[in-house]
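In: heads up, no residue letters with this:
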């Protein structure tokens, strides 16, 4: 599902990724761990096309993202990749339902269809009772559940998560961990998760350890 080939990335004279290569199978949950500054988040952002590499190639579902123009890349990202962030990144002025609908509306879905799927996804993540609540009225765990539903809105083949449980208490964190596996088993997405949480990393199908911009 994902092929990363010899990715290099530098900021000025500091090389943060030293020719990283890896592959992730369809339906696999892979965690990427390592100390701060190891290059984990940079690699994830390049995999998700949020940042460009200096050299190398990323192929997702058979498509080389480096060969896409700006418009095609934006469309590919919207339809094929779901993102989950540590800080949730929900739109404060919109309800939980509207936040989940947003990627579908951007993709051109009819509003009625987007609303129906958003309700189904929010029910799947146990948030159907909070449809009309805005982010400020939700707990951290609730906001992350909404963010997970949003990430799944356009049926992406890949979900990329950057420290998805870093801001959560222990019980909520464990619930979110279990939710990832339930969603994978139910919907078949491939997950790549950057995390400092060893519990989540050990639950994954495979754990990749990074140090100083390289895979150990």
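Out: Received the coordinates, thanks. Predicted model, so just to flag it, every value in this text is computed and none were measured.
In: Every contact and neighbour count from this point should use C-alpha atoms.
Out: Will do.
In: Any chance you could list what contacts stretch 174-189?
Out: Contacts with stretch 174-189, where a contact means CA atoms under 8 Å, 6 or more residues apart in numbering, come from 26-29, 125, 141, 145, 156-159, 165, 190-191, 200.
In: In helices, which of these appear?
Out: Restricting the contacts of stretch 174-189 to those inside helices, with DSSP state H as the criterion, leaves 141, 145, 200.
In: Which residues are in contact with the residue nearest to the second one when sequence neighbours are not counted?
Out: Which is residue 145. On the basis of CA to CA, 6 or more residues apart in numbering, the spatially nearest residue to residue 145 that is not a chain neighbour turns out to be residue 125, at 6.0 Å. Listed by CA under 8 Å, 6+ apart, the contact set of residue 125 reads 145, 146, 148, 149, 179.
In: isn't residue 152 right up against residue 79?
Out: No. Counting by CA atoms under 8 Å, residue 152 stays clear of residue 79, with 9.7 Å between them.
In: hmm, who's touching stretch 49-67?
Out: Counting by CA under 8 Å, 6+ apart, stretch 49-67 makes contact with 1-10, 19, 42, 45-47, 73, 77, 157, all of which sit outside it.
In: if we go to 7 Å?
Out: Contacts to stretch 49-67, defined as CA atoms under 7 Å, 6 or more residues apart in numbering, come from residues 1-9, 45-47, 73.
In: for that stretch, which positions count as buried?
Out: Going by neighbour count (16 or more other CA atoms under 10 Å), the buried part of stretch 49-67 is 49, 52, 53, 56, 57, 58, 59, 60, 65, 66.
In: Need the single longest helix in the protein, by residues.
Out: Longest helix in the chain by number of residues (criterion: DSSP H): helix 170-187.
In: What are the buried residues along that helix?
Out: 172, 173, 176, 177, 179, 180, 181, 183, 184.
In: Same check on stretch 6-16?
Out: Counting neighbours by 16+ other CA under 10 Å, one finds that the buried residues in stretch 6-16 are 6, 7, 8, 9, 16.
In: So what are the sheet partners of the host helix or strand of the second one and their directions?
Out: By that I understand residue 7. Following DSSP states H and E, one finds residue 7 within strand 2-11. The partner list of strand 2-11 in its sheet, established with DSSP bridges, is strand 14-24 (antiparallel), strand 55-60 (antiparallel).
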